[in-house]
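**Student:** Here is the input, now give the coordinates:
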Amino acid sequence: MKKITQIALTALLFVGITANAQTQLKKGSVTYSMTMPGATEEMAAMGESTITVHFDEKTQATDMSMMGGMMLMKTIIPNENKNNSKMTMEVMGMKYEISDIGEQAKNANNGIGNIDNATEVVYDKKDTKEILGFKCYKATLGMLDGSKNIFYITDAIAPQATDANAKVKLSGYPLEMTMKTEQGDMVIKATKFSKDIPADAFKVGEGFTKVTMEEFQKQMGGM
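**Tutor:** You can find the predicted model right below:
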């Protein structure tokens, strides 16, 4: 379970933290599918996961469903102050709200896949594809660990929000990402876009127990 949780945090924090709500499209939802081709048997057990990013001008929220809905994760991130971010997780019938997600976001997975830790980006606007009606072009990101992540980005949605000190800032919004992880390639591709968002997109539901990430990991046996 530890690897599954690590993969979930990598995907959820990467997609949620870097999405920028101040776009040409100022309100909407993007749904992605996440797969891991050629993954280990443990990772393959996750099946296909779904990630949905909701955004308006002030807030962005990311919902993730894994293992056929057995593991549900959510982040709610204010654009101006990520330290006030919230995260919830539902797993094995238990519901937790993790209070220190702002700090966790800064250190997510030691930078694997996180654009704030990219060292360079190379664009190829001749390599294009259409995703959900948006024209996208290729961006290759060189990462701190020496790996290369392949994105297809669109200029129809504003660039990702990155740390002020980050070396790399994407010129567009990613609708397809292939990222290297210790468990194999992670492919995240947009499957649906909507200009509408659910009324409860930026709210934490009822029945969640507030814990720190350390307390949560102890509760789950260090998973």
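**Student:** which SS state does the residue of the chain most remote from its centre fall under?
**Tutor:** Ranked by distance from the centre of the chain (Cα atoms, centre = their mean), the top residue is Lys126, with 26.7 Å. Using DSSP: H, G, I helix; E, B strand; the rest coil, the structure places Lys126 in strand.
**Student:** how close does the nearest residue to it once chain neighbours are set aside get to Thr52?
**Tutor:** The spatial neighbour of Lys126 that comes closest, neighbours along the chain excluded (Cβ to Cβ, 6 or more residues apart in numbering), is Tyr137 at 7.8 Å. (C-beta placed from N, C-alpha, C; glycine too.) The span separating Tyr137 from Thr52 equals 24 Å under the rule Cβ to Cβ, to the nearest Å.
**Student:** Looking at the two, which has the bigger crowd around it?
**Tutor:** Set side by side, Tyr137 and Thr52 give different neighbour counts by other Cβ atoms under 10 Å, the larger being at Thr52 (21 against 18).
**Student:** could you give the mean pLDDT of stretch 94-105?
**Tutor:** Per-residue pLDDT values over stretch 94-105 give a mean of 74.
**Student:** which residues in the chain form helices?
**Tutor:** In order along the chain, the chain carries the following helices (DSSP state H): 2-18, 41-44, 101-106, 213-219.
**Student:** Lys27 - nearest residue in space that isn't next to it in sequence?
**Tutor:** Leaving aside its sequence neighbours, Lys27 sits nearest to Asp56 (Cβ to Cβ, 6+ apart; 4.6 Å).
**Student:** Is that neighbour in contact with Ile197, as I believe?
**Tutor:** Yes. Contact status for Asp56 versus Ile197: in contact at 6.9 Å, counting by Cβ atoms under 8 Å.
**Student:** shared neighbours of the two, which are they?
**Tutor:** Taking Cβ atoms under 8 Å, 6 or more residues apart in numbering as the contact rule, the neighbours common to Asp56 and Ile197 are Lys27.
**Student:** And for Val30, nearest residue in space, chain neighbours not counted?
**Tutor:** Residue nearest to Val30 in three dimensions, not counting chain neighbours: Val53, with 4.9 Å by Cβ to Cβ, 6+ apart.
**Student:** Look up which residues are beta-bridged to that neighbour.
**Tutor:** According to DSSP bridges, Val30, Thr62 are recorded as the beta-bridge partners of Val53.
**Student:** Can you report how many residues lie near it?
**Tutor:** Using other Cβ under 10 Å: Val53 sits among 25 other residues.
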